[in-house]
Each structure stands twice: as C-alpha cells, then as structure tokens.
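Trainee: Provide a 3D model corresponding to the input given below.
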Amino acid sequence: MKRVGLFIPCYVDQLYPQVGVAVLELLKRFDVVAEFPAAQTCCGQPMANTGCDNEAQPLAEKFLQVFQDYDHVVCPSGSCVAMVRHHYDAYLSGRPGFDQLKAKTFEVCEYLTDVLKIETVHGKFPHRVGLHQSCHGLRELGLASSSEMVTQSFSKVQNLLQGLTGIELVELSRTDECCGFGGTFAVNEEAVSCMMGNDRIRDHLDAGAEVLTGVDMSCLMHLEGLIRRQKKNLRVMHVAEILIAGERAGR
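Mentor: Residues are numbered from 1 along each chain as shown. Below you'll find the model as predicted:
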C-alpha cells in the first residue's frame, strides 16, 4: 500500500480544520489511508511572495524533511502545491529527494483524477454551485483550461462535481478571473483586492449560485469575509467538503 502524507496548509489547520477532515474522509472513501505528520509547518509561500527568502528557506527544507519518504503528498490547496512544484527550486535545487518530492505532491482533486483515476464521485448535492478557478490551480497546476488559451476546454474539479446527483454548476460570465486575494496583496492593496473579490461574488450571485466553491481555501476565505460583511446569501465550501457531503448524503 502506498504511503500518503496529508499536507494541511497553516490557514486550513488554524481556521478551517473541517476542510482537512473532509479531505481525510474523501481519501478514505477511495481506500487511501493518509497520515498527518505532526512535524509539518507552513510551506513558506507567504514569506516567498513577500520577498522574504531567508524566512522561506528553512520552511522549504522542513517540508522536504517531513514529506520526502512518502509515496505521495496530498494537499487541499492549489497555491501551496504550486509553491512546492514551481517555486521550491530557489531553495532546494540539487537537494537529494527534491525532484521526487515535486513529482509526487498533488492538490487533492488532481490526486483523485490523475493518480487514482477517479472519474466520478457518487452522491447527492442538490444545490446550485459556482466554481471559482483559483489562479495557481488554473495556471500553474493545469486543473482546468484557461479562457485566454485556444485549446480544448476541460476542468478536473468540475468533472468530479458533476458526478453528484442534483448538483447544478452555474455558468459564470468570467470563468477564471482572479478573486483578488493574492496573499499579502490583500493587505497591501486592500481596496483593489476587495473590488476584485466583490466582482467575483457578484458574478456568482448573478448566475444564481447558492454555494461558492474552489480548491483554494485562501481564495474562499477572502471571498467569505466579503460575503459575511455584506450579509450576502451565498455559502462558501471547499470542494472536498462538497464531495464528502454528497457522498454521505448518497449512502
């Protein structure tokens, strides 16, 4: 049996632990026994994005130390996985086991479709759902096709959701526009960030969404904050929460 390490981003661990539990249950649903190594820390993405490379370096080294012996590493965050696969080279290039670590680290939906070859998650979720395509998952992990590219349209996350009975994926006017979070961008450029977030929320509401979902809880956290402050009638759920809720309802 493959050894799978569950990497839970720091903001999920501290603010949305139910997402980590949902991922663990979802993997178990497909007979994957995942381990949560308690020694794991932040991947270092916030520091790297702010230019604090000296602070990001030891976190990258810690990630390699904690996860290098697992066969696969699974994470409910496209941006954290993109950090490992596309931005750790600056800190770990040439280190023993690093190239293997990059190749075996997956976002959870990517793991289901590309590694486990899951085409359908059976269950029931009778709601109108808007799918937010986060920038890292879209353009760095290739979880879906980008609207600016002339290529065959696809979405790995949408394919998984479509297997749920009763779900209706609403059609957005701008399918892959940034929500405006961008980590420290939301702090340094608060006004622009909020305007971008409100644009995304309005698009989902105009399409008739009851639930807004995505693969990055950081993006969803930003949008949920705006929704709560303005008392909008829109629920926010990580895609793993929807998939496991649908699976429970379908039993």
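Trainee: ok, Leu205 touching Leu234?
Mentor: Yes: with contact taken as C-beta atoms under 8 Å, Leu205 and Leu234 are classed as touching, separated by 6.2 Å. C-betas here are computed from N, CA, C, even on glycine.
Trainee: spell out which residues are contacts of both of those two.
Mentor: Here Leu205 and Leu234 share no contacting residue, scored by C-beta atoms under 8 Å, 6 or more residues apart in numbering.
Trainee: which secondary structure elements does the longest helix along the chain sit against?
Mentor: The helix of greatest length in the chain, counted in residues with DSSP state H as the criterion, is given as helix 190-206. Helix 190-206 is packed against helix 185-188, helix 217-229, with contacts defined by 3 or more C-beta pairs under 8 Å, 6 or more residues apart in numbering; DSSP states H and E.
Trainee: domains in this structure, by residue range?
Mentor: 4-115, 123-249 (automatic domain parsing).
Trainee: turn these into TSV, including mean pLDDT and mean neighbour count.
Mentor: Output for the domains of the chain, formatted as TSV (pLDDT from 0 to 100; neighbours: other C-beta atoms under 10 Å):
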stretch	mean pLDDT	mean neighbour count
domain 4-115	95	18
domain 123-249	91	18
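Trainee: before we move on, back to that, save the helices and strands packed on helix 190-206 as a markdown table, and put in distance to Arg248 too.
Mentor: Formatted as a markdown table, the helices and strands packed on helix 190-206 follow (distance: least, C-beta to C-beta, whole Å):
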| stretch | distance to Arg248 |
| --- | --- |
| helix 185-188 | 33 |
| helix 217-229 | 20 |
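Trainee: which one of those lies nearest to Lys2?
Mentor: Each of the helices and strands packed on helix 190-206 has some distance to Lys2 by C-beta to C-beta; the shortest is helix 217-229, at 25.2 Å.
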